[in-house]
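**Student:** please find the sequence and the predicted model below.
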Amino acid sequence: MHSRGLYFEDFSAGQQYATDRRTITEADHINFTTSFGFFEPLFMDRAYVADETPYKRPIVPGALTFSMAEGLTILSGILHGTGLAFLGVDLKVIKPVFIGETIKVDIDVVDKRQTQKPDRGIVSFLHRVSNQDDEPVMEYAIKRMIRRKHE
């Protein structure tokens with residue numbers, strides 16, 4: 001992990017970053033679904049999933065996949081102490097993620113723009129989440145407010 005995140009000036013369109021990998025465990029799934037009320041049979045009832053869905057094994061909520069992808073992004077260190085705000089996301093789920101799968105995130109810098117305030121700017125990223133087989137499972141465009149360097 002970077003000891004200090006990257007500043008607005010450090011980002012350029014076309015740059016790429018990659019996170020570490022993380023396996024989504026049964027405990028992660030249970031903690032998330034029960035903590036946040038995801039009591040949908042699709043997530044909580046193995047017999048229902050096996051009999052009534054095309055998946056045949058438990059999937060995790062897309063919100064959990066997104067949360068873990070964001071956690072991996074934070075752990076990469078690129079935003080450590082320099083990320084100021086999450087400004088919005090446009091998210092696409094491509095494929096279900098199953099308990100026991102491992103995800104990683106590839107991050108592309110798409111664009112950046114200055115704001116009227118001299119201490120910050122806005123950086124647009126494209127995050128591509130893939131599983132252990134390098135199959136895409138989620139993609140999202142995200143905007144973040146990033147601290148500028150003090151001059």
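**Tutor:** Arrived safely, thanks for sending.
**Student:** which residues in this protein form strands?
**Tutor:** In the chain, the strands defined using DSSP state E lie at 16-18, 22-23, 83-93, 102-114, 120-130, 136-147.
**Student:** can you list the ones you listed in a markdown table and add mean neighbour count?
**Tutor:** All C-beta atoms are positioned from the backbone trio N, CA, C, and that covers glycine. A markdown table is the format used below for the strands of the chain (neighbours: other C-beta atoms under 10 Å):
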| stretch | mean neighbour count |
| --- | --- |
| strand 16-18 | 13 |
| strand 22-23 | 14 |
| strand 83-93 | 13 |
| strand 102-114 | 17 |
| strand 120-130 | 20 |
| strand 136-147 | 19 |
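**Student:** quick one, which of those strands is nearest to residue 41?
**Tutor:** Among these, strand 83-93 comes nearest to residue 41, with 18.4 Å by C-beta to C-beta.
**Student:** other SSEs contacting the closest one?
**Tutor:** helix 62-76, strand 136-147 (3 or more C-beta pairs under 8 Å, 6 or more residues apart in numbering; DSSP states H and E).
**Student:** can you add mean pLDDT and distance to residue 12 and give these back as TSV?
**Tutor:** Formatted as TSV, the helices and strands packed on strand 83-93 follow (pLDDT from 0 to 100; distance: least, C-beta to C-beta, whole Å):
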stretch	mean pLDDT	distance to residue 12
helix 62-76	97	17
strand 136-147	98	12
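**Student:** dump those into JSON lines; add distance to residue 98 as well.
**Tutor:** As requested, the helices and strands packed on strand 83-93 are exported to JSON lines (distance: least, C-beta to C-beta, whole Å):
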{"stretch": "helix 62-76", "distance to residue 98": "10"}
{"stretch": "strand 136-147", "distance to residue 98": "10"}
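**Student:** of the ones you listed, which is nearest residue 124?
**Tutor:** Nearest of the helices and strands packed on strand 83-93 to residue 124, taken as C-beta to C-beta: strand 136-147 at 5.2 Å.
**Student:** how about the CA coordinates for that closest one, as PDB?
**Tutor:** Listed in PDB are the C-alpha atoms of strand 136-147, where the atom choice follows Å, rounded to 0.1, in the frame of the first residue of the first chain:
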ATOM      1  CA  PRO A 136     -15.400  -9.800 -16.000                       C
ATOM      2  CA  VAL A 137     -18.100  -9.800 -13.300                       C
ATOM      3  CA  MET A 138     -18.700  -6.100 -12.800                       C
ATOM      4  CA  GLU A 139     -17.700  -2.700 -14.300                       C
ATOM      5  CA  TYR A 140     -18.300   0.700 -13.000                       C
ATOM      6  CA  ALA A 141     -17.500   4.300 -13.900                       C
ATOM      7  CA  ILE A 142     -16.800   6.300 -10.700                       C
ATOM      8  CA  LYS A 143     -16.000   9.900  -9.900                       C
ATOM      9  CA  ARG A 144     -14.000  10.900  -6.900                       C
ATOM     10  CA  MET A 145     -12.900  14.200  -5.400                       C
ATOM     11  CA  ILE A 146      -9.100  14.100  -4.900                       C
ATOM     12  CA  ARG A 147      -6.900  16.400  -2.900                       C
END
